[in-house]
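> got a sequence here, can you model it:
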Amino acid sequence: MKALRWHGLKDLRVEHIEEPAALPGKVKIKVEWCGICGSDLHEYTAGPIFIPQADTHPLTGEKAPIVMGHEFSGQIVEVGEGVANLKAGDRVVVEPVFACGECEVCKQGYYNLCPKMGFLGLAGGGGGFSEYVAVEQHMVHKIPDNVSYEQGALVEPSAVALHAVRQSKLKAGDKAVVFGAGPIGLLVIEALKASGAAEIYAVELSPERKQKAEELGAIVIDPAQYDVVSEIHNRTNGGADVTYEVTGVGPVLSQALNSTKVGGELMIVSIWEKEAAIMPNNIVMMERTVKGIIGYRNVFPAVISLMERGFFSAEKLVTKRISLDDAVEQGFEALLKEKNQVKILVKAE
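Predicted structure coming up:
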């Protein structure tokens, strides 16, 4: 089968590899659509970050080259021995988190914080940029008929956004600011709407992404036109209740922190390629809170339910659909060069 594999920095290759088997406890899925994630881009431009290169991953036993792709939907074509409640023909998405299940963190239910945690499509185990994937049955979630396969490919990134909002202090009626209107930032806007935020602001430079944020109902602030911190304090009468940093850019991190009110909260959603500075007194003197999130836990069913109600719309967020053969030039490179791109979906054909 065809698969896109990471070999090294700026080295992705479409190759022919063996199809995976539906071993006991696993299901084999024909991939329909797979989205290119910001994490995938980080691995392409600055990796390895999550991808094991020198040593094998402790849970998958794999190292580079590995098949990429963790935001995907598909249809089950075969089930392995011992699989219950799933069958060939089921329309599904995959929650691509590997966790040991044995450490104290896992036992407390925080499987996304497992010290050995990895993502399918980054740590091994196959990936969505391929024709078929075989995964453990517990990673599989069914999607209803009124949720399209394209929509299904957005469940994973939407779960990141919803988890970020759920883990924050945001309450219905609060004021929130999203710094960065890329794919995850736009999904955070959707999650904030679903969670009852009264005012949602988006800080973004790109004209195309500003337009997308406005279409989703955010009030856009252009940092080229305003002193962002002062403007947010003026518009919110003292600062936002919660801000969400989704850019991975150092100066933006400070803006997001300083845009919160007394006792406000900064949520760091980005994956960072290098260190960033914050003045601790800007936390201490205002009794602000800074919190980070990684991935998600126990949120896929809620995302799928919200999608049935019209949230996280593929029609509004997907800007390009391409074949696996074109994934590097028209996918990864396009996302780096074309700021009008939001979410690009890939199909193995």
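
> so where is the stretch 201-349 of the chain shaky, pLDDT-wise?
For the stretch 201-349 of the chain, applying pLDDT under 70 flags no range at all.

> just the helices in it please.
207-215, 228-236, 250-258, 281-284, 300-308, 314-317, 333-337 (DSSP state H, counting those that start in this stretch).

> now do the stretch 51-200 of the chain
With DSSP H, counting those that start in this stretch, the ranges of helices along the stretch 51-200 of the chain come out as 104-107, 149-152, 155-167, 183-194.

> contacts for the longest one next, please.
Identification of contacts with helix 155-167 by Cβ atoms under 8 Å, 6 or more residues apart in numbering yields 35, 37, 70-73, 93-96, 141, 143, 183-184, 187-188, 190-192, 194-195, 244, 267, 269, 291, 293, 295-297, 299-300, 302-304, 306-307, 311-312, 343. (C-beta placed from N, C-alpha, C; glycine too.)

> buried subset of those residues?
35, 37, 70-73, 93-96, 141, 143, 183-184, 187-188, 190-192, 194-195, 244, 267, 269, 293, 295-297, 299-300, 302-304, 306-307, 311-312, 343 (16 or more other Cβ atoms under 10 Å).

> which residues touch the closest residue to residue 152 other than its chain neighbours?
Residue nearest to residue 152 in three dimensions, not counting chain neighbours: residue 73, with 3.0 Å by Cβ to Cβ, 6 or more residues apart in numbering. Taking Cβ under 8 Å, 6+ apart as the criterion, residue 73 is in contact with 31-34, 91-93, 143, 149-153, 155.

> now distance to residue 132 and pLDDT too, for those, in JSON lines please.
Shown next, in JSON lines, are these (distance: Cβ to Cβ, whole Å; pLDDT from 0 to 100):
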{"residue": "31", "distance to residue 132": "7", "pLDDT": "98"}
{"residue": "32", "distance to residue 132": "11", "pLDDT": "98"}
{"residue": "33", "distance to residue 132": "14", "pLDDT": "98"}
{"residue": "34", "distance to residue 132": "12", "pLDDT": "98"}
{"residue": "91", "distance to residue 132": "15", "pLDDT": "98"}
{"residue": "92", "distance to residue 132": "13", "pLDDT": "98"}
{"residue": "93", "distance to residue 132": "15", "pLDDT": "98"}
{"residue": "143", "distance to residue 132": "18", "pLDDT": "98"}
{"residue": "149", "distance to residue 132": "15", "pLDDT": "97"}
{"residue": "150", "distance to residue 132": "19", "pLDDT": "97"}
{"residue": "151", "distance to residue 132": "21", "pLDDT": "96"}
{"residue": "152", "distance to residue 132": "16", "pLDDT": "97"}
{"residue": "153", "distance to residue 132": "16", "pLDDT": "98"}
{"residue": "155", "distance to residue 132": "19", "pLDDT": "98"}
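
> okay, these in CSV with distance to residue 22 next?
Shown next, in CSV, are the contacts of residue 73 (distance: Cβ to Cβ, whole Å):
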residue, distance to residue 22
31, 14
32, 18
33, 21
34, 19
91, 17
92, 13
93, 18
143, 20
149, 20
150, 25
151, 25
152, 20
153, 22
155, 22
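
> of those, just the buried ones, ChimeraX syntax please.
Typed into ChimeraX, the line below selects the buried ones among these, using 16+ other Cβ under 10 Å:
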select :31,32,33,34,91,92,93,143,149,150,151,152,153,155
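
> nearest to residue 327, of the contacts of residue 73?
Within the contacts of residue 73, the smallest distance to residue 327 is 9.1 Å, found for residue 34 (Cβ to Cβ).

> just to revisit the earlier point, so which of the helices of the stretch 201-349 of the chain comes closest to residue 130?
Among those, helix 333-337 comes nearest to residue 130, with 19.5 Å by Cβ to Cβ.

> now what about that closest one, what contacts it?
36, 41, 45, 320, 341, 344.

> please flag which of these sit within strands.
Among the contacts of helix 333-337, the members found in strands (DSSP state E) are 320, 344.

> out of the contacts of helix 333-337, which end up buried?
36, 41, 320, 341, 344.

> tell me the confidence at the first one?
Looking back up the chat, that one is residue 36. In this model, residue 36 is scored at 97, pLDDT.

> who are the contact partners of it?
Counting by Cβ under 8 Å, 6+ apart, residue 36 has contacts 71, 327, 331, 332, 335, 343, 344, 345, 346.

> ok, it to residue 54 distance?
25 Å (Cβ to Cβ, to the nearest Å).

> phi first, then psi, for the residue in the chain sticking out farthest from the centre.
Distance from the C-alpha centroid of the chain, by Cα atoms, centre = their mean, peaks at residue 285 (32.8 Å). The phi and psi values for residue 285, taken as degrees, to the nearest 10, are phi -70, psi -10.

> residues in contact with residue 48?
6, 9, 64.

> and those, which of them are buried?
6, 64.

> just the contacts of residue 48: which are in strands?
Per DSSP E, the contacts of residue 48 map to strands at residue 6.

> a markdown table for the contacts of residue 48, including pLDDT and distance to residue 223?
Formatted as a markdown table, the contacts of residue 48 follow (pLDDT from 0 to 100; distance: Cβ to Cβ, whole Å):
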| residue | pLDDT | distance to residue 223 |
| --- | --- | --- |
| 6 | 98 | 33 |
| 9 | 95 | 30 |
| 64 | 97 | 37 |
